[in-house]
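Enquirer: Okay, here's the prediction I keep looking at, along with the sequence it came from:
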Amino acid sequence: MKVVHISQSAPRDASLATLCAEVYGQQAGLTPLVVFTGTKNVLFAQEAARLLAGVDGEGKPLALALLVLDEKGQGMTVTHACEFKQGAKARLISELSLKAPLRVEVASDKEEAFYQQCGIKRWFDSEGKRIGLGARHPAKSSDELVPTLHLDEALILRRFKHDPSAFSDAKEAFLSGLNNFPSTF
């Protein structure tokens, strides 16, 4: 598997829309649209997030992962990931754990076991959750962990509520992205 950074706006937007739809599913209400809009308009605009694809030898996408910087710009947290082929997400995370200052936050033993199999070996308890760090992450203890940048989803929802054209534009961009997901990178 080859890891590709999706940096051009059209395939990036299409891939982000697909990732949000895959992660949240069809019964998630506005959450996929809110995350898509905030990531596109805030995190990507500030170069605070990276969208990566694991592709096969012909460039066909097998998995996607969204990495968001921490507040100091030293580490990157996997906030969303999906796969289109069984086992591809694990291979993508494994590759990223070797190349990036990777951080994951898990809510269950099952998730922790998955990431351990992907090469995340250092684990800390922090504020009621488990945090795993890849070999390249600079933190040596939980005291050195810096919060990951996050979106103000409530603010985005308020904007949608008070600005129907912003909601319509975001929805159109999201649906366009879903319809234009590239078959190769």
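Expert: Perfect, I can see it now.
Enquirer: Could you tell me whether F124 really is in a helix?
Expert: No: using DSSP: H, G, I helix; E, B strand; the rest coil, the assignment for F124 is strand, not a helix.
Enquirer: That one and H80, how far apart?
Expert: To H80, F124 is 22 Å away according to CB to CB, to the nearest Å. Just so you know, the C-beta spots here come from the backbone N, C-alpha and C atoms, and that holds for glycine as well.
Enquirer: Compare these two and say which one has the larger neighbour count.
Expert: H80 (20 against 15; other CB atoms under 10 Å).
Enquirer: surely the more buried one meets C20?
Expert: Yes: here H80 reaches C20: they are 7.1 Å apart, a contact under CB atoms under 8 Å.
Enquirer: Mind listing the shared neighbours of the two?
Expert: Overlap of the contact sets of H80 and C20 (by CB atoms under 8 Å, 6 or more residues apart in numbering) consists of V35.
Enquirer: Tell me what the spatially most central residue of the chain is bridged to.
Expert: When CA atoms, centre = their mean is applied to the chain, the residue found nearest the centroid is L66 (2.1 Å). Assessed by DSSP bridges, L66 has beta-bridge partners L51, H80.
Enquirer: Give me the contact list for the helix or strand of the chain with the lowest mean pLDDT.
Expert: Ranked by mean pLDDT, DSSP states H and E, the weakest helix or strand in the chain is strand 122-126, scoring a mean of 92. Contact partners of strand 122-126, identified using CB under 8 Å, 6+ apart, comprise 112, 116, 130-134, 137, 141-142, 145.
Enquirer: tell me which of those is nearest to E47?
Expert: Closest to E47 out of the contacts of strand 122-126 is H137 (19.4 Å), distances taken as CB to CB.
Enquirer: and the closest one, how many neighbours does it have?
Expert: 24.
Enquirer: How much space separates the closest residue to it other than its chain neighbours from G134?
Expert: In space, and not counting its chain neighbours, H137 is closest to P101: 4.5 Å by CB to CB, 6 or more residues apart in numbering. For P101, the distance to G134 (CB to CB) stands at 7 Å.
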